[in-house]
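> I'd like to go over a predicted model; first the sequence, then the structure.
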Amino acid sequence: MAASIASICRYASRRGCCSLLGRVNICLTLKSKFHCSSSAHSGLLLSLHKRGILKDSFPENAAQDQLARLLQSGAQTVYCGFDPTADSLHVGNLLAVIGLLHFRSVGHHVIAVLGGATAQIGDPSGKSSERERLSADVAEANTHSIRESVHRIFTNHELHFHDSSSWYKNRDVVGFLSEAGRHFRMGTMLSRHSVQSRLKSAEGMSLTEFTYQVFQAYDFYHLNQVYGCKIQLGGTDQLGNLMSGHEYIHVSGEEVYGLTIPLVTSTVGDKLGKTAGNAVWLNRDKTSPFELYQFFLRQPDASVEYLKLFTFLPLAEVEKLMEQQREDPSKRLAHKRLAAEVTKLVHGKEGLESAKCTSALYNSSVQALEEMSDEELKELFREAPFHELLLEPGTTVIDACRKVSAIPEGPRYQMVSDGAVWINHKRTDNPEQVLIPKLHILSNGLTLLRVGKRNFYIIKWLSL
Ligand SMILES: N[C@@H](Cc1ccc(O)cc1)C(=O)O
């Protein structure tokens, strides 16, 4: 789509007016400490394409050469925004962060915008209904928490960033609408996919949500004015918002670009990291390094492609790992490397160590289990159901399985005798075996029951 060119007023900063949104978008900027080499720049787009990190660029193909030339001409400023609608980013956001890091590693300046303002407006892109209103306080707390984790990820990638100021707090509504608002055309705004799909729904769309694209466009404009930012990265659902920014900035005669990153889906088509409604988060208190590690370790064989997307390993090394995986899938070398690289990026070396130790614990050590409190055990097996049961004399293995509904009605007996049941890391194939203290019931009164490879149940036995 060609952008219209008209004149745009430069915004004099307004002083003393009430805040437009009460809270601000926080912007973390990162000056490049790497030296730019033009060969690295020219290779960047190609390499991002080869890795599968870039989907489309905007404006369309004709501009790709221009964009490549722009990247070759010297260090550029690239930005990507994240709305703090929760107190942590999730695995689905990781690719955008990685995208920024790729730009950074060849010497461009990158900016991560935490949309403390836009989160209160609510992005309709890719959503079928309006989000519940997010209060300014919650948005601020979420921004703080996400900022820390993005900071950690950047630092883990040996980078540093510094804060810059906000740009909405001194803008008043009337000034904003009379200056910026008039450059946004209703027809174009209405044509956006995110708007169209919502207008057709019974619920419709609020004015607040409808204006979201204006705010994201204005963010881009602001970063363009202040930091010379010419490139915005975003998920494929962000295309409409990227276009709004492009059109708005184009009015002033500046050419800017949007690059979209694919939405990563699992092999069964779910959004990555959102299995059965449970998101895989990047903040440690919500998803431990161990859980993150296990999440990547357990990806199906076909997902080794993730090595290209989620790690910075050279493509030749990725190819080698993929070949080893094809030769002997059972070793899961590629998955182990993927899990290790992602955990190291998100939680640092120490996080990776902790994930590996926990894995060892998870898989074998009875002594360690025995020394754990109920809370620690629940933490370790966060997804395992926890049951408190009365220990009646003569309780057997099959009784325990039945009480916690660990195995389906019919084939219970068979499953135990086939060896699918493990108690405290030891296979237990006699269904009628009476539970023995110390062996089946640890001295802290706990039993860890596993059925199959990964269904864990924690039982806390209460004595009469
Ligand atoms: N709209 C983006 C987040 C964002 C916020 C502000 C921006 O300036 C840019 C992007 C999303 O929901 O993913």
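Now that the structure is in, tell me what you want to look at. Being a predicted model, the structure only gives us computed values, none of them experimental.
> ok, now how distant is whatever residue of the stretch 1-150 of the chain ends up closest to the ligand from Thr358?
With C-beta to the nearest ligand atom as the measure, Gly81 is the residue of the stretch 1-150 of the chain nearest to the ligand, at 2.1 Å. For the C-beta atoms, the positions are set from N, CA and C on the backbone; glycine is no exception. Applying C-beta to C-beta, to the nearest Å, the value for Gly81 to Thr358 is 34 Å.
> same question, Pro437
Applying C-beta to C-beta, the value for Pro437 to Thr358 is 27 Å.
> Compare these two and say which is more crowded by neighbours.
More crowded of Pro437 and Thr358, by other C-beta atoms under 10 Å: Thr358, with 19 against 11.
> Not counting residues beside it along the chain, what's closest to that one?
Phe290 (3.9 Å; C-beta to C-beta, 6 or more residues apart in numbering).
> and whichever strand or helix holds that neighbour, how far from the chain's centre?
Taking DSSP states H and E as the criterion, Phe290 maps to helix 289-297. Averaging C-alpha positions (C-alpha atoms, centre = their mean, to the nearest Å) puts helix 289-297 14 Å from its chain's average.
> by contact count, what packs against that helix?
Helices and strands touching helix 289-297, by 3 or more C-beta pairs under 8 Å, 6 or more residues apart in numbering; DSSP states H and E, are helix 333-363.
> in the helix it packs on, what's buried?
For helix 333-363, burial by neighbour count (16 or more other C-beta atoms under 10 Å) applies to 333-335, 337-348, 351-352, 354-356, 358, 361-362.
> now stretch 257-268
For stretch 257-268, by 16+ other C-beta under 10 Å, it's Tyr257, Gly258, Leu259, Thr260, Ile261, Val264.
> likewise stretch 438-450?
Within stretch 438-450, the residues that count as buried by 16+ other C-beta under 10 Å are His440, Ile441, Leu442, Leu446, Thr447, Leu448, Leu449, Arg450.
> so, if you compare those, which one comes nearest to the ligand?
The closest of the buried residues of stretch 438-450, once distances to the ligand are taken by C-beta to the nearest ligand atom, is Arg450, at 38.5 Å.
> which residue sits closest to that closest one in space, ignoring its chain neighbours?
Trp422 (4.2 Å).
> and the one you found, how many neighbours?
17.
> the strands in this protein, which residues?
26-30, 57-58, 77-82, 109-114, 162-164, 229-235, 257-261, 274-275, 278-279, 386-390, 421-423, 426-427, 446-451, 455-462 (DSSP state E).
> so Asn430 makes contact with Val421?
No: Asn430 lies out of contact with Val421 (C-beta atoms under 8 Å); the separation is 9.8 Å.
> out of these two, which sits in the busier spot?
Taking other C-beta under 10 Å, Asn430 and Val421 do not tie; Val421 has more neighbours (25 against 12).
> Which residues does stretch 306-318 contact?
Residues outside stretch 306-318 that contact it (C-beta atoms under 8 Å, 6 or more residues apart in numbering) are 47, 50-53, 94-95, 98, 101-102, 105, 157, 264, 296, 299, 321-322, 334, 337-338, 341-342, 345.
> on that earlier part again, the residue of the stretch 1-150 of the chain closest to the ligand: neighbour count?
The burial count for Gly81: 25, using other C-beta under 10 Å.
> dump the residue contacts of it.
Contacts of Gly81 by C-beta under 8 Å, 6+ apart are Asn25, Ala112, Val113, Leu114, Gly115, Thr118, Gln216, Asp219, Gln232, Gly234.
> Find me the pLDDT at the closest residue to the third one other than its chain neighbours, would you?
Distance criterion C-beta to C-beta, 6+ apart; nearest residue to Val113, sequence neighbours excluded, is Gly81 at 4.0 Å. With respect to pLDDT, Gly81 has a value of 94.
> Check the gap between Gly81 and Asp285 for me.
24 Å.
> for Leu54, same thing?
From Leu54 over to Asp285 (counting by C-beta to C-beta), the distance is 32 Å.
> which one is Tyr457 nearest to, not counting chain neighbours?
Nearest to Tyr457 is Leu449, by C-beta to C-beta, 6+ apart, at 4.3 Å.
> Ser405 is in contact with that neighbour, correct?
No: look at Leu449 against Ser405 with C-beta under 8 Å: they stay out of range, at 11.2 Å.
> which residues are common contacts for those two?
Counting by C-beta under 8 Å, 6+ apart, Leu449 and Ser405 have no shared contacts at all.
> Could you give the number of residues near the closest residue to Asp301 other than its chain neighbours?
Nearest residue to Asp301 in three dimensions, chain neighbours excluded: Pro329, at 5.5 Å (C-beta to C-beta, 6+ apart). As a burial measure, Pro329 scores 13 neighbours (other C-beta under 10 Å).
> Surely Leu223 and Ala112 touch.
No: the criterion here is C-beta under 8 Å, and Leu223 misses it with Ala112 at 11.0 Å.
> Looking at the two now, which is surrounded by more residues?
Ranked by neighbour count (other C-beta under 10 Å), Leu223 and Ala112 place Leu223 first, with 28 against 24.
> show me what contacts the more buried one?
By C-beta under 8 Å, 6+ apart, Leu223 lies in contact with Cys27, Thr77, Tyr79, Ile111, Val113, Cys229.
> change it to 6 Å
Residues counted as contacts of Leu223 (C-beta atoms under 6 Å, 6 or more residues apart in numbering) are Tyr79, Cys229.
> what's the spacing between it and the ligand?
Going from Leu223 to the ligand by C-beta to the nearest ligand atom, to the nearest Å gives 8 Å.
> so how far is Cys80 from that residue?
The value you get for Leu223 to Cys80, if C-beta to C-beta is used, is 11 Å.
> do the same with Val174
30 Å.
> Can you give me the pLDDT of the nearest residue to Leu321 once chain neighbours are set aside?
For Leu321, ignoring the flanking residues on the chain, the nearest one in space by C-beta to C-beta, 6+ apart is Ala334 at 4.4 Å. Note for Ala334: predicted pLDDT of 93.
> so who does Ala334 touch?
With contact set as C-beta under 6 Å, 6+ apart, Ala334 has these partners: Val304, Leu321, Gln325.
> Near the ligand, list only the ones from those residues.
Applying C-beta under 6 Å from any ligand atom to those, one finds that nothing falls near the ligand.
> Save these as a markdown table, and put in neighbour count and pLDDT too.
A markdown table is the format used below for those (neighbours: other C-beta atoms under 10 Å; pLDDT from 0 to 100):
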| residue | neighbour count | pLDDT |
| --- | --- | --- |
| Val304 | 23 | 87 |
| Leu321 | 19 | 94 |
| Gln325 | 20 | 90 |
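> ok, Gly204 - how many residues close by?
12.
> Check Asp56 too.
With other C-beta under 10 Å as criterion, Asp56 counts 15.
> Check Glu305 too.
When neighbours are counted by other C-beta under 10 Å, Glu305 comes out with 17.
> Repeat that for the one 5 residues further on.
Counted with other C-beta under 10 Å, residues neighbouring Phe310 total 24.
> distance of it from the ligand?
18 Å.
> Ala217 now?
Ala217 is 8 Å from the ligand, by C-beta to the nearest ligand atom.
> who in the stretch 51-200 of the chain is up against the ligand?
Gly81, Phe82, Asp83, Val113, Gly115, Thr118, Asp123.
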